[in-house]
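Fold the following and give me the result.
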Amino acid sequence: MREVRAAGRTALRLATELLQRARLADPRAGVWEAADVQWWWRSPRRSDVVDQLFWVDDEGPAAGVVVTSWAGGRWQCDPVRVPGVQGVDVEQLWRRALAHAGQHAPRGFDVPVDDDDGTFGELARRSGLSAGDQDGTAWMDTSTRPAVVPTAAGFVLVDRTQRAGTPHPMRRRSGDTVAERLRECSLYDPALDLCVETADGETAGYSLYWFDPRTKVGLVELVRVEDGFQRRGLARAMLAAGLERLAARGAERVKVSFEALAAEALYTGMGFGPSSTTTWWHTGPSTEGEDREQRGGRADGAAARTADG
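Residues are numbered from 1 along each chain as shown. The predicted structure follows:
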């Protein structure tokens, strides 16, 4: 086992490989998929130039510490280890994670921990971290996915293969370089980048789906319907179309995470089954009630914070 430090796109690649290996080792454990760290790459961040820590054996990354900066100055710290791999001292990994994050986060940082992970949960309590918000995770077998439904009259569903030359609908929240940054991600597929438009070409909503061919897991990140277009079934239409496209790519299971009750209702109504919760442990000032985009994780809607029935 050797320690490796890497930043930028090299770190993104190593984090992707680490999370893929962790998912293959356990079909449900952990907080993140490889696609999550690629989703975070959509916007330039101060953490792009920060060395991330990895411990690598003959099969690739076996553990790591990923720190991510967010708008508002808040940072996120994710210690990750592959279940069952020998040579990874979990307590040492935790200590290194907190020390590494502390070097870059003077205002404090958040550590999301799966509530089924008794080891990290106990370490968070022993380290004096404060328990903050919780969010939920749900899964679906693609064999049980709902049927595709048409969009409401006056709206059309398109993907980025059809709109490659136009500004990306996420640019207002994620910046003008979002299209370029997404194209740098190995798991990004423009045909899974969906948008609902009005007849006049106005963006009514958008959603993004990720397929990991190594793990056969699909990820919903994110679904958003703009103000003024809710309660027309647009989120359900996009989600059903996205699930159909994920299944066509070869996804066997699909994961989604959420904070708001409205989002949970949308997903469970579409057939997702809640499976776990995550607690956001934090250092420094309390982060409860902050916009998650300002402190990390399920950002820009918590994968459909806005549901439209």
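
Which stretches in the stretch 201-309 of the chain count as strands?
203-212, 217-225, 253-258, 273-282 (DSSP state E, counting those that start in this stretch).

so which of these gets nearest P106?
Of all the strands of the stretch 201-309 of the chain, the one in closest proximity to P106, counting by CB to CB, is strand 273-282 (13.8 Å). Every residue, glycine included, has its C-beta placed from N, CA and C.

by contact count, what packs against that closest one?
strand 109-114, helix 118-126, strand 130-141 (3 or more CB pairs under 8 Å, 6 or more residues apart in numbering; DSSP states H and E).

follow-up on the earlier one: out of the strands of the stretch 201-309 of the chain, which gets nearest to L123?
strand 273-282 (9.4 Å).

now the angle from that closest one to strand 130-141?
Strand 273-282 runs at 160 degrees relative to strand 130-141, counting by axes from the mean of the first three to the mean of the last three CA atoms, to 10 degrees.

Going forward, count from 415.
From this message on, residue numbering opens at 415, which makes the last subject strand 687-696.

Next, the buried residues of strand 687-696.
690, 692-696 (16 or more other CB atoms under 10 Å).

Same list as before, the residues you listed that is, but in a markdown table and with distance to D440 included.
Below are the buried residues of strand 687-696 laid out as a markdown table (distance: CB to CB, whole Å):
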| residue | distance to D440 |
| --- | --- |
| S690 | 12 |
| T692 | 15 |
| T693 | 19 |
| W694 | 21 |
| W695 | 21 |
| H696 | 26 |
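
will you turn the strands of the stretch 615-723 of the chain into CSV that also has mean pLDDT and distance to G546?
Listed next are the strands of the stretch 615-723 of the chain as CSV, based on pLDDT from 0 to 100; distance: least, CB to CB, whole Å:
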stretch, mean pLDDT, distance to G546
strand 617-626, 98, 26
strand 631-639, 96, 21
strand 667-672, 97, 16
strand 687-696, 96, 4
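
what about these, which gets the closest to R559?
Nearest of those (CB to CB): strand 667-672, 7.6 Å.

What pairs with that closest one, parallel or antiparallel?
Applying DSSP bridges to the sheet, strand 667-672 is found paired with strand 544-555 (antiparallel), strand 631-639 (parallel).

Please identify the most buried of the helices and strands packed on strand 687-696.
For the helices and strands packed on strand 687-696, the largest average neighbour count (mean count of other CB atoms under 10 Å) is found in strand 523-528, namely a mean of 25.
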